[in-house]
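Trainee: Got a predicted structure plus its sequence, pasted below:
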Number of protein chains: 2
Amino acid sequence: MLELRHLRSLLAVADLGKLSSAAERVHLTQSALSHQIRVLEARYGLTLFQRTPRGLTFTPAGERLLALARTVLVQVNDAERDLVRLKGDTGGELRIALECHTCFDWLMPVMDEFRRRWPEVEIDLVAGFHSDPLALIAEGRADMVIGSAPPSKRAWHIAPLFRFEILAVLANEHRLRGKRRLSAEDFRDETLITYPVPETRIDLIREVLSPAGIKPERRTAELTIAILQLVASRRGIAALPNWGVKNYVDHDYVVARPIGTKGLWSELHAIVPKALKDKPYVDDFVEITRAVCVRQLDGIALL
Amino acid sequence: MLELRHLRSLLAVADLGKLSSAAERVHLTQSALSHQIRVLEARYGLTLFQRTPRGLTFTPAGERLLALARTVLVQVNDAERDLVRLKGDTGGELRIALECHTCFDWLMPVMDEFRRRWPEVEIDLVAGFHSDPLALIAEGRADMVIGSAPPSKRAWHIAPLFRFEILAVLANEHRLRGKRRLSAEDFRDETLITYPVPETRIDLIREVLSPAGIKPERRTAELTIAILQLVASRRGIAALPNWGVKNYVDHDYVVARPIGTKGLWSELHAIVPKALKDKPYVDDFVEITRAVCVRQLDGIALL
DNA sequence: AGATAATCATGAATGCAATTCATATCAGAG
DNA sequence: CTCTGATATGAATTGCATTCATGATTATCT
């Protein structure tokens, strides 16, 4: 008998293309998923997937079930959200403080979807950037911080969002453009163009340059596009998320290079006070964020 | 985690109002259903039903889940039907022969729904009434007979539909109207108004009157409404299904009385040749019939 | 009232089916 | 030809839904 569990698995396979990754997402082993699919196929006497050594692709029958999964699972989620609402304790506010400027790029669609799902929750951005955004929570001026590494875990509830690579961005004619990847040394005589935040908040400086004892000139700009203009007109180098510059690189406006031998990676988390942890809309915000970002941000990896 | 099994149970409870009957329909024990519901309620921290000693009624939360069940399960059925279609072997014809005239009353909506679901199957009624409808199947002139008791079980596949009571129908001013129930003896000096079919096909005669050696006058009419007119104008007594006369009784056009001490009950089955048994649309036809009839025919009991 | 007949609830035992574990198999890349 | 990364498979295991046996509750009948 068909169960939602099957549909959830199907959706995971569709999203990730491979049994092993899909299995992880639904908290099963690859073997379990394989068995599950085999049972389904036997039940209907149909092949649902074409097996290839690089993953699974859906047959028409598989597609039909997948379509069912998509519509049904959305309805199930909607219903469960309504139940939470019926239970009360659902109103509230969610004032979000950002640790990094680039988050703006994806936050708007997330907030739109959130407002649709939780009309009775007041969601807002805390204006401006602060040296210690976590303090904003402590002071009661924010409810959630979206930012990097979790600090103590004791006082806060931390929901992992995703990982992304920070790339060095160069002008097309830059002297370093020939290099496959940049090292700390390469930054020595360059001007670094950043958002106007303290050095400790800039991963490149904190993780790479400071340890190497390198302290390049700095110049700041508020907007990503302004930073890119400065880079393109050869005023210096920037370090930006891969998904933030992809479009500009694709259009040959600038070039991007990994930093260090393994690349410079950064993680984003949603941090809320323990008291908010059980508010149902907090989990949902995280879920929406992950879904939206994985869909429209190229080159990120969910945590 | 919510599963379709839960939604199926919910739907059964909604339809039948009682755990024990609902349990039967989903092939579980009453206990299992009770546990299942308790798990659901615990999961959402909500009460889904108000318990009364005469059954369960839905709370708003329960209603919400029930609404989900209704939409989702329809979609699941549609999808599964599409899968069957994708597998092929789905075209065909379904020529139905009726054993009793009253079946017309519910057959049309059933056929409408069937055509919607199986557009590629040609469904038709075999015209006219025949003394031995099963012979029509043998002769290849029909694919399904809807009628009473299964004859041999060897040669045919039999799907039970429902049970209903046959009531004696009297004019409002009839001399027998004072009696709570009618016995065979009561028919002795009456005229029996029936459809124009052989005596052996009339349950009242076969089961009640013949055994008692009573042979009343007969008069026939083709249409139910014509029979009722004859009854109302005191030309005789008729014996008709409870659901067929309910409306007329409710409007005081005629009165209806049970026959014999236990009432006279009849069963309807769908009979198909073994060869057709595995055609997917045959099962679906039966399912549609049962669903439509239980919804719009008052006083029947599914078999 | 008291007994009766319905209903649902509950806890422990059970059993089955989904899952895991360990391993095989397969295809393509280097 | 091996190594890597994927799925498949069979047997063992386990988790959890289900059953069994009984209790609790409440309306109905006498």
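Mentor: Good, I have the coordinates.

Trainee: So A:R85, which state does it fall into?
Mentor: Put simply, A:R85 is helix when judged by DSSP: H, G, I helix; E, B strand; the rest coil.

Trainee: quick one: contacts for it?
Mentor: Listed by Cβ atoms under 8 Å, 6 or more residues apart in numbering or on different chains, the contact set of A:R85 reads A:E120. (Each C-beta comes from the backbone N, C-alpha and C, glycine too.)

Trainee: Mind doing that once more with 10 Å?
Mentor: A:R85 is in contact with A:G91, A:W118, A:P119, A:E120, A:P280, A:Y281, B:A61, B:R64, counting by Cβ atoms under 10 Å, 6 or more residues apart in numbering or on different chains.

Trainee: which one is the residue in the stretch 101-250 of chain A that DNA strand D sits nearest to nearest to, not counting chain neighbours?
Mentor: In the stretch 101-250 of chain A, the residue that lies nearest DNA strand D is A:R163 (17.5 Å; Cβ to the nearest atom of the strand). Counting by Cβ to Cβ, 6 or more residues apart in numbering or on different chains, A:A301 is the residue found nearest to A:R163 once chain neighbours are left out, at 4.6 Å.

Trainee: Looks like that neighbour contacts A:F162 (just checking).
Mentor: Yes - in terms of Cβ atoms under 10 Å, A:A301 counts as a neighbour of A:F162; the distance is 6.2 Å.

Trainee: Between these two, which contacts overlap?
Mentor: Listed contacts common to A:A301 and A:F162 are A:E267, A:V294; contacts here mean Cβ under 10 Å, 6+ apart.

Trainee: between the two, which one's more packed in?
Mentor: Neighbours per residue, other Cβ atoms under 10 Å in any protein chain shown: of A:A301 and A:F162, the larger number sits with A:F162, 19 against 11.

Trainee: So the more buried one: helix, strand or coil?
Mentor: Three-state call for A:F162 (three-state DSSP): strand.

Trainee: From A:T71, how far off is it?
Mentor: Separation of A:F162 from A:T71 (Cβ to Cβ, to the nearest Å): 27 Å.

Trainee: Likewise for A:K215?
Mentor: For A:K215, the distance to A:T71 under the criterion Cβ to Cβ works out to 56 Å.

Trainee: so where do the strands sit in the stretch 151-300 of chain A?
Mentor: Along the stretch 151-300 of chain A, the stretches classed as strands by DSSP state E, counting those that start in this stretch are A:156-170, A:191-194, A:217-220, A:237-241, A:255-257, A:264-273.

Trainee: Let me know which of those strands is the nearest to B:P109.
Mentor: Minimum separation from B:P109 across the strands of the stretch 151-300 of chain A (Cβ to Cβ) falls at strand A:156-170, 51.8 Å.

Trainee: Could you list the domains of chain A?
Mentor: Annotated domains of chain A cover A:4-86, A:92-162+A:266-302, A:165-265 [automatic domain parsing].

Trainee: The last one: end-to-end distance?
Mentor: Between the start and the finish of domain A:165-265 there is a gap of 4 Å, counting by Cα to Cα, to the nearest Å.

Trainee: Same question for stretch A:48-56.
Mentor: Counting by Cα to Cα, the length from the leading to the trailing residue of stretch A:48-56 is 9 Å.

Trainee: Run through who's touching that stretch.
Mentor: Stretch A:48-56 is contacted from outside by A:10, A:13-14, A:16-22, A:33-34, A:37-38, A:40-41, A:57-66, B:83, using Cβ under 10 Å, 6+ apart.

Trainee: which of the residues you listed are close to DNA strand D?
Mentor: Among the contacts of stretch A:48-56, the ones lying close to DNA strand D by the criterion of Cβ under 7 Å from any atom of the strand are A:K18, A:L19, A:S20, A:S34, A:I37, A:R38.

Trainee: would you turn these into a markdown table with neighbour count, secondary structure and pLDDT?
Mentor: As requested, these are exported to a markdown table (neighbours: other Cβ atoms under 10 Å in any protein chain shown; DSSP: H, G, I helix; E, B strand; the rest coil; pLDDT from 0 to 100):
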| residue | neighbour count | secondary structure | pLDDT |
| --- | --- | --- | --- |
| A:K18 | 15 | coil | 92 |
| A:L19 | 24 | helix | 92 |
| A:S20 | 13 | helix | 91 |
| A:S34 | 16 | helix | 94 |
| A:I37 | 22 | helix | 95 |
| A:R38 | 11 | helix | 95 |
